[in-house]
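In: Return a 3D structure for these sequence lines:
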Amino acid sequence: MVQLGVNIDHIATVRQARQADEPDPAWAAMEAELGGADGITFHLREDRRHVNDRDAEVLKRTVASKLNMEMSIDPEIVKIALNLRPDQCTLVPERRAELTTEGGLDVRKLSRRLAPVVKKLNRVGIATSAFIEPVPEQIAASAKAGFGAVEIWTGSYAHATNADEREAALEILANAIDVGHNEGLIVHAGHGLTYRNVTPVAQLPGWSEFNIGHSIVARATLVGMRAAVREMKRLLHEADDRPNLVMLAPDDLADPTGTD
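Out: Numbering: from 1, shown residues only. Reported below is the predicted structural model:
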């Protein structure tokens, strides 16, 4: 059964908007786990714009499920990861001006810098994943660099504006899954997935894990974290039973809350 990792970065974003001490990402992580989350994801950025070092340490001590740390290859961040030892580190591109991570890591271009970092993380028992675009060459480069998994950027699908674009994006994602498996990699997915658009992607066979943050946190502000996580898990688990929805536009899907 596909796993759901809940990214709690935007809980910290709300806190930082007021430079206050709440809401605490660790509280959100606990509530997400009580709602059925299979893992908790956080991004410790170089500028600490949302999650900070204290958050990372508390999450390590309190998260009972899989703890996934998104990170750059900045030496300071790598050192923190090696000391913290989360269950998994997902290496991502990081740009100071971006609102969120846009696009994937260029593993081919950065392979000489990435491979030593991956080796260090793997050596201390941390599983490693590369956040990349669904490009066969990038997938192959990730395997060569020593990653055990790849997280495929689903932004092209999420940002598609019509049915043809969505169909083409789904075909690319399906091919990326096959390439990943052929390279011996575990294949995850993430970016821009919401309650309204996740089903067609989840219907593609071969995913091991979805990492979803903004949409779940947004829903949680209205219904609570536990309910928001339960609903997303329901959509993921039911995807295999709804084979005819792959070709539909997200706007054609019934409202997942059942309030239509």
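In: how about stretch 24-39: buried residues?
Out: Using 16 or more other CB atoms under 10 Å as the test for burial, stretch 24-39 gives 24-26, 28-33, 35-39. Every residue, glycine included, has its C-beta placed from N, CA and C.
In: In a markdown table: those, plus secondary structure and pLDDT.
Out: Below are those laid out as a markdown table (DSSP: H, G, I helix; E, B strand; the rest coil; pLDDT from 0 to 100):
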| residue | secondary structure | pLDDT |
| --- | --- | --- |
| D24 | coil | 97 |
| P25 | helix | 98 |
| A26 | helix | 98 |
| A28 | helix | 98 |
| A29 | helix | 98 |
| M30 | helix | 98 |
| E31 | helix | 98 |
| A32 | helix | 98 |
| E33 | helix | 98 |
| G35 | coil | 98 |
| G36 | coil | 98 |
| A37 | coil | 98 |
| D38 | coil | 98 |
| G39 | strand | 98 |
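In: Helix, strand or coil: sort out D21 for me.
Out: Following DSSP: H, G, I helix; E, B strand; the rest coil, we place D21 in the coil state.
In: when you give positions from now on, start the count at 325
Out: Happy to do that; since the first residue is 325 now, the last one works out to D345.
In: Quick check: closest non-adjacent residue to R543.
Out: A552 (4.0 Å; CB to CB, 6 or more residues apart in numbering).
In: how near is the one you found to P440?
Out: 39 Å (CB to CB, to the nearest Å).
In: packing partners for the host helix or strand of R543?
Out: In this structure, R543 sits in helix 538-547 according to DSSP states H and E. When contacts are defined as 3 or more CB pairs under 8 Å, 6 or more residues apart in numbering; DSSP states H and E, helix 538-547 packs onto strand 327-331, helix 333-341, helix 349-358, helix 549-562.
In: For L383, which of those is the nearest?
Out: helix 349-358 (5.8 Å; CB to CB).
In: which ones are touching E461?
Out: Neighbouring residues of E461 by CB atoms under 8 Å, 6 or more residues apart in numbering: R432.
In: Dump the helices and strands packed on helix 538-547 to JSON lines, plus distance to R369.
Out: Below are the helices and strands packed on helix 538-547 laid out as JSON lines (distance: least, CB to CB, whole Å):
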{"stretch": "strand 327-331", "distance to R369": "13"}
{"stretch": "helix 333-341", "distance to R369": "9"}
{"stretch": "helix 349-358", "distance to R369": "13"}
{"stretch": "helix 549-562", "distance to R369": "22"}
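In: Count the neighbours of D398 for me.
Out: Neighbour count for D398, taken as other CB atoms under 10 Å: 14.
In: Spit out the contact partners of it.
Out: 370, 418.
In: got it, and the one 10 residues further on?
Out: With contact set as CB under 8 Å, 6+ apart, L408 has these partners: 380-381, 384, 393.
In: Quick check: the farthest pair among those residues?
Out: E381 and M393, at 11.5 Å, using CB to CB across those.
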